[in-house]
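>>> pasting the structure only:
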């Protein structure tokens, strides 16, 4: 521990291993240090600590110390703030994407539900940062898959009829209309040539005001000082 000219005590944050000097220059090393007592009084000027230290023929000098401040209360962004803003706009964004895709579907087509989407959330302040407001930008990219409703119905009817004939013989026929629903979607190279993909990207931004205050903290001044022989 060293004491500066104005009485501020400082301590190094790591050991100083001074390399051997030469006839042309002294051995010298820089190590980080901070004021012992936190607060702005530790923001000492350059060379406030200057002169002999530690042992014979070893001298020390410091650069200006910065960052020392008193405890204070302030607003900061929490992850809950970001999540609240996200949840409030995600549902609206999903509805907007669904509506945009539905408008592009032709009368003979059916949109496969649910529509696969990927979202990107970008807050202008990270959780833990000091801020009175946080702006959250949500970008969502969705790719809709449609199929020809009648073509699928005819294909399934033909497939079911062939399977029934194979198992039961020609004496059976379909009664009523075939009811279909999509439970799983798989796109392969054969069907992809005739398929249609309708990409859509929407972006909604919202500001959210955090109300949680961070506890008061006291920050010590920090800077490098040089030790030389």
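Yep, it's here. Just so you know, these numbers come straight off a predicted model, no measurement behind them.
>>> what's the distance between whatever helix or strand residue 88 lives in and the middle of its chain?
Per DSSP states H and E: residue 88 is located in helix 79-104. Computed by CA atoms, centre = their mean, to the nearest Å, the chain-centroid distance of helix 79-104 equals 18 Å.
>>> partners of the next helix or strand after it in the sheet?
Going down the chain from helix 79-104, the next helix or strand is strand 109-111, by DSSP H and E. Its sheet considered, strand 109-111 pairs with strand 134-148 (antiparallel) by DSSP bridges.
>>> Show me the chain divided up by domain.
Following automatic domain parsing, one finds the domains of the chain at 2-71+216-228, 77-211.
>>> if we can go back for a sec, buried sites along the helix holding residue 88?
81-82, 85-86, 89, 93-94, 96-98, 101 (16 or more other CB atoms under 10 Å). The C-beta positions use only the backbone N, C-alpha and C, and glycine is treated the same way.
>>> Please, where are all the strands along this structure?
Per DSSP state E, the chain carries strands over the ranges 2-3, 9-12, 28-35, 50-53, 55-62, 74-75, 109-111, 117-123, 134-148, 196-208, 213-214, 222-228.
>>> Quick check: which of those is nearest to residue 175?
strand 109-111 (24.2 Å; CB to CB).
>>> How about residues contacting the closest one?
For strand 109-111, contacts defined as CB atoms under 8 Å, 6 or more residues apart in numbering pick out 101-102, 105, 144-149, 152, 196.
>>> what do you get if the cut-off is 10 Å, keeping everything else the same?
98, 101-102, 104-105, 144-153, 180, 182, 196, 198 (CB atoms under 10 Å, 6 or more residues apart in numbering).
>>> Run through the bridge partners of residue 34.
residue 11, residue 222.
>>> Please report how far it lies from residue 15.
15 Å (CB to CB, to the nearest Å).
>>> Mind putting the buried residues of helix 79-104 into a markdown table with distance to residue 20 and pLDDT?
Below are these laid out as a markdown table (distance: CB to CB, whole Å; pLDDT from 0 to 100):
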| residue | distance to residue 20 | pLDDT |
| --- | --- | --- |
| 81 | 55 | 90 |
| 82 | 53 | 91 |
| 85 | 59 | 87 |
| 86 | 58 | 88 |
| 89 | 63 | 84 |
| 93 | 65 | 85 |
| 94 | 68 | 83 |
| 96 | 70 | 86 |
| 97 | 68 | 84 |
| 98 | 73 | 82 |
| 101 | 73 | 85 |
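>>> Going by distance to residue 72, which of those residues wins?
Checking these against residue 72 by CB to CB gives residue 81 as the nearest, at 19.9 Å.
>>> Make sure that closest one is actually in contact with residue 132.
No - applying CB atoms under 10 Å, one finds residue 81 not in contact with residue 132, separated by 11.2 Å.
>>> so what's the residue of the chain positioned farthest from its centre up against?
In the chain, the residue that sits farthest from the middle, by CA atoms, centre = their mean, is residue 171; the gap is 63.7 Å. For residue 171, the contacting residues are residue 165, by CB under 10 Å, 6+ apart.
>>> how close does the closest residue to residue 127 other than its chain neighbours get to residue 88?
In space, and not counting its chain neighbours, residue 127 is closest to residue 79: 4.3 Å by CB to CB, 6 or more residues apart in numbering. Using CB to CB, one obtains 15 Å as the distance from residue 79 to residue 88.
>>> quick revisit: who's in contact with the residue nearest to residue 127?
123, 126-128.
>>> Most neighbours of all the residues you listed, which one?
Top of the contacts of residue 79 by neighbour number is residue 123, holding 20 neighbours under the definition other CB atoms under 10 Å.
>>> ok, what's across the strand from that one?
In this entry, residue 123 is beta-bridged to residue 136, by DSSP bridges.
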